[in-house]
Every structure is written in structure tokens, then in C-alpha cells.
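Chemist: sequence unavailable; structure follows:
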Ligand SMILES: NC(=O)C1=CN([C@@H]2O[C@H](COP(=O)(O)OP(=O)(O)OC[C@H]3O[C@@H](n4cnc5c(N)ncnc54)[C@H](OP(=O)(O)O)[C@@H]3O)[C@@H](O)[C@H]2O)C=CC1
Ligand SMILES: Cc1cn([C@H]2C[C@H](O)[C@@H](COP(=O)(O)OP(=O)(O)O[C@H]3O[C@@H](C)C(=O)[C@@H](O)[C@H]3O)O2)c(=O)[nH]c1=O
């Protein structure tokens, strides 16, 4: 089976490459094809068509996205081109071959008005351009495909790329004090855990499982961004990854204005993905320890 993974150098795809490497001695009969944006630009229909003709995939995993949440407010066209049109071109190409697609979406498709974890069937109402573009991408996938697994995840961090954990570590090295919002709550997700879940689902699809639909996958427990920042710096100080413990002020969203509106509450329920695909929720504290350990080796 040829599996095409779109977005090779993103943090999630980098973690998926690690999982594939770790499993290289397991005979799954899968040929993995990770393609970077220079080789496959999903915003261009031709690029998608040519790649599909060359690789002849039997499954596509789309990890590519425009992920700059604030910048999307001024670059709406770019966000739409990748997150909506890119999905559309991939979905059409998959439909032509009658193959399934695993697509990654976000908690930012929700308004954030809920008080209990969002289930996959709950009403979406994105409050920012990034969230809207991801919502429209989901719609394209569902319009063109019957065989799809959409995984909404949240607050993804890893050893790779740009993410909140690495931003906090950088801030902690540069500043003795800074503020972080304490009234936006969600569930952090270690990309390594999500990558393992995606790998497991891909192998199950190859084995004939067909549990198509929308799924939620995020950390097992919720925190505010402020609480998450505290966990990060406390662990980093403990492991001597940062020299001093910075003073972090808990802020309200009003005190930390941003171009994009984020959900106040975006915790998502993992029950369906556990039940249907036997994927366990992200243990984000363990994941955080791995990222901090990795930083320890760098410094
Ligand atoms: N990061 C997070 O906190 C969260 C992410 N998600 C979703 O998870 C998925 C993975 O995110 P993550 O790994 O963090 O994202 P990253 O920003 O780390 O990686 C995104 C990747 O997409 C690629 N890409 C962008 N535009 C195109 C294009 N036109 N054609 C092909 N590839 C393109 C980028 O390549 P290049 O750099 O070369 O442009 C990059 O490698 C995304 O769908 C995202 O929306 C969901 C919830 C939280
Ligand atoms: C850097 C920083 C951010 N913040 C706030 C801003 C924002 O409300 C919150 C998170 O900041 P960030 O901009 O780093 O995170 P953000 O880019 O909003 O993260 C999101 O990325 C996309 C791709 C997703 O899909 C989401 O699930 C989510 O992970 O923390 C502070 O309060 N203080 C700070 O110093």
C-alpha cells in the first residue's frame, strides 16, 4: 500500500516520520511517501493531480495547513487557498481513485461557548479566519468523499517547528516576566501521540477497517494557556533547561488582545476515537517531559 503524507516538514508529519522510523522493522506492507510543499503544493490543482499520478496512493494523510492563526486575519486568501482549496483538490483526487483520506482539523472550528467537552457531532461556529478556513476544508472533504477520517486536534506541541511550548521556553530564556491568558481553556496534545494514533489508524485501514467520520483527539486533561505555560516553565526549570523561573502573570483575553479571536473553551471529547479506533488520548505531561528532555540535549 502506498500512503501519501502531505506536509512533510510540519511538526505533526515530522513526528509521524519518527513513528514510521521506529516501526521500520514491523512488516506492515506500507510504502510511506512524505512530500514537502516544494514538491506538492496542495493549493495548486495541477500539483495534486501530477503527484497522484506519480505516487498512485491507496491512502492520503493530509497534515498540511496554513497554521498562522493571527496572520490569517490579514492573509485570508492564503489561508483559504491551503486550508479549503487544498483540501478540495486532495479530496477530488482521492475520489477519482476511490481511496480514503485522513485529514487533520482543529478545535478552532468551535465558538468556545460550551462548558463541557465538544463531541464530534456538535455545532461548529469558528470565530476566526483560520478556524473558518479549517471548517471549510472539512466541508470539502465531506462533500467529495465517503471514505474519510477527519481528526480534530488541539494545542499541538512537539520537539519540532513552532508551537506554544517552544515559544514559552524562548520567552523564559529572554524575559524575567511576561503574561499569558488564563481565560482560554483547552487540552494540549503532544504531536508524537497524535502521530502514533494516525499510524495506528492507517494500519487499521490497510487491514480493512472502515470507521469513516469525524473524530476528536486531544490531551486527556484541560488547562488554560496560563496553566500550561506554568507547567512548561516549572518542568524546564526543574530540568535546568532555563536558568531562572520567570514570573508569569495570569491575564484575561482583554488584557492580551490578538487579531484572531480564540475559543474561550475548546476541550474536546476523545471517547469516539478511543472506542472506534482504539487510540488512547494524548498524555501531554509525558509528551512535555519528552520535549523538555530534547531541549536539555540541545543546550
Ligand atoms: N499546531 C497546532 O497547534 C494545531 C494544528 N492543527 C492541525 O494539525 C495539522 C498539522 O499541524 P502542524 O504540524 O502543527 O502544522 P505546521 O505548521 O507545523 O506544518 C504545516 C505544514 O503544512 C505545509 N504546507 C503549508 N502550505 C502548504 C501547501 N500549499 N501545500 C503543501 N504543504 C503545505 C507546510 O510546509 P511549508 O512550511 O513548506 O510551507 C508545513 O510543513 C494541520 O492541519 C493543523 O491545522 C490542529 C490543531 C492544533
Ligand atoms: C505568546 C503568548 C501567547 N499568549 C496567548 C495568545 C493566545 O490566546 C494563546 C495561545 O497562543 P498561540 O498564538 O501561541 O497559539 P495559537 O496559534 O492560537 O494555537 C493554536 O494553533 C492552531 C494552529 C490550532 O489549531 C489551535 O489548536 C491552537 O493550538 O496564548 C499569551 O497570552 N502570552 C504570550 O506571551
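Modeler: Sure, I can see it. Keep in mind that this is a model prediction, so the values were computed, not measured. Numbers count the residues shown, from 1 in each chain. Ligands and ions are numbered 1, 2, ... in the order given.
Chemist: C-alpha only now, for contacts and for neighbours.
Modeler: Noted.
Chemist: as a check, name the ranges of all helices in the stretch 51-200 of the chain.
Modeler: Assignment of helices within the stretch 51-200 of the chain using DSSP state H, counting those that start in this stretch yields the ranges 76-80, 86-97, 129-144, 164-174, 191-206.
Chemist: present those helices as TSV; the columns should include mean pLDDT and distance to residue 268.
Modeler: Below are the helices of the stretch 51-200 of the chain laid out as TSV (pLDDT from 0 to 100; distance: least, Cα to Cα, whole Å):
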stretch	mean pLDDT	distance to residue 268
helix 76-80	98	24
helix 86-97	98	23
helix 129-144	98	15
helix 164-174	97	19
helix 191-206	98	14
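Chemist: save those helices as a markdown table, and put in distance to ligand 2 and mean neighbour count too.
Modeler: A markdown table is the format used below for the helices of the stretch 51-200 of the chain (distance: least, Cα to the nearest ligand atom, whole Å; neighbours: other Cα atoms under 10 Å):
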| stretch | distance to ligand 2 | mean neighbour count |
| --- | --- | --- |
| helix 76-80 | 11 | 19 |
| helix 86-97 | 16 | 22 |
| helix 129-144 | 8 | 23 |
| helix 164-174 | 5 | 17 |
| helix 191-206 | 11 | 21 |
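Chemist: pipe those helices into TSV and attach distance to residue 240 per row.
Modeler: Shown next, in TSV, are the helices of the stretch 51-200 of the chain (distance: least, Cα to Cα, whole Å):
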stretch	distance to residue 240
helix 76-80	38
helix 86-97	42
helix 129-144	36
helix 164-174	11
helix 191-206	23
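Chemist: tabulate those helices (CSV), appending distance to ligand 1.
Modeler: Listed next are those as CSV, based on distance: least, Cα to the nearest ligand atom, whole Å:
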stretch, distance to ligand 1
helix 76-80, 9
helix 86-97, 7
helix 129-144, 7
helix 164-174, 8
helix 191-206, 8
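Chemist: ok, which of those helices comes nearest residue 237?
Modeler: Of all these, it is helix 164-174 that lies closest to residue 237, at 9.5 Å by Cα to Cα.
Chemist: could you name the helices and strands sitting against the closest one?
Modeler: Helices and strands touching helix 164-174, as assessed by 3 or more Cα pairs under 8 Å, 6 or more residues apart in numbering; DSSP states H and E, comprise helix 225-238.
Chemist: any idea of the mean pLDDT in the helix it packs on?
Modeler: In this model, helix 225-238 carries a mean pLDDT of 98.
Chemist: so which bits of that helix are buried?
Modeler: If you call a residue buried by 16 or more other Cα atoms under 10 Å, then helix 225-238 has these buried ones: 225, 226, 227, 228, 229, 230, 232, 233, 234, 235, 236, 237.
Chemist: average pLDDT for stretch 259-279?
Modeler: Mean per-residue pLDDT for stretch 259-279: 98.
Chemist: got the residues of the stretch 151-299 of the chain near ligand 2?
Modeler: Residues of the stretch 151-299 of the chain lying close to ligand 2 by Cα under 6 Å from any ligand atom are 154, 155, 156, 164, 179, 180, 181, 225, 256.
Chemist: show the contacting residues for residue 48.
Modeler: 40, 41, 42, 89, 90, 93 (Cα atoms under 8 Å, 6 or more residues apart in numbering).
Chemist: okay, angle between the helix or strand it falls within and helix 86-97 too, please.
Modeler: Element membership of residue 48, judged by DSSP states H and E, is helix 45-55. On the basis of axes from the mean of the first three to the mean of the last three Cα atoms, to 10 degrees, helix 45-55 is oriented at 40 degrees to helix 86-97.
Chemist: and helix 45-55, average pLDDT?
Modeler: Average pLDDT, helix 45-55: 98.
Chemist: what does stretch 207-222 give?
Modeler: Mean pLDDT, taken over the full extent of stretch 207-222, equals 97.
Chemist: give me the distance between the two termini of it.
Modeler: 34 Å (Cα to Cα, to the nearest Å).
Chemist: where exactly do the strands run in the stretch 151-299 of the chain?
Modeler: 156-157, 177-181, 185-186, 189-190, 213-216, 223-224, 247-251 (DSSP state E, counting those that start in this stretch).
Chemist: how about these, which one is nearest residue 132?
Modeler: strand 213-216 (16.6 Å).
Chemist: which strands or helices does the closest one pack on?
Modeler: strand 148-153, helix 271-277.
Chemist: and the shortest one, is it in reach of ligand 1?
Modeler: Put plainly, it is strand 148-153. Yes - applying Cα under 6 Å from any ligand atom, one finds strand 148-153 in contact with ligand 1 at residue 153.
Chemist: now do that strand and helix 191-206, the angle between them.
Modeler: Between strand 148-153 and helix 191-206, the angle comes out at 170 degrees (the same axes, to 10 degrees).
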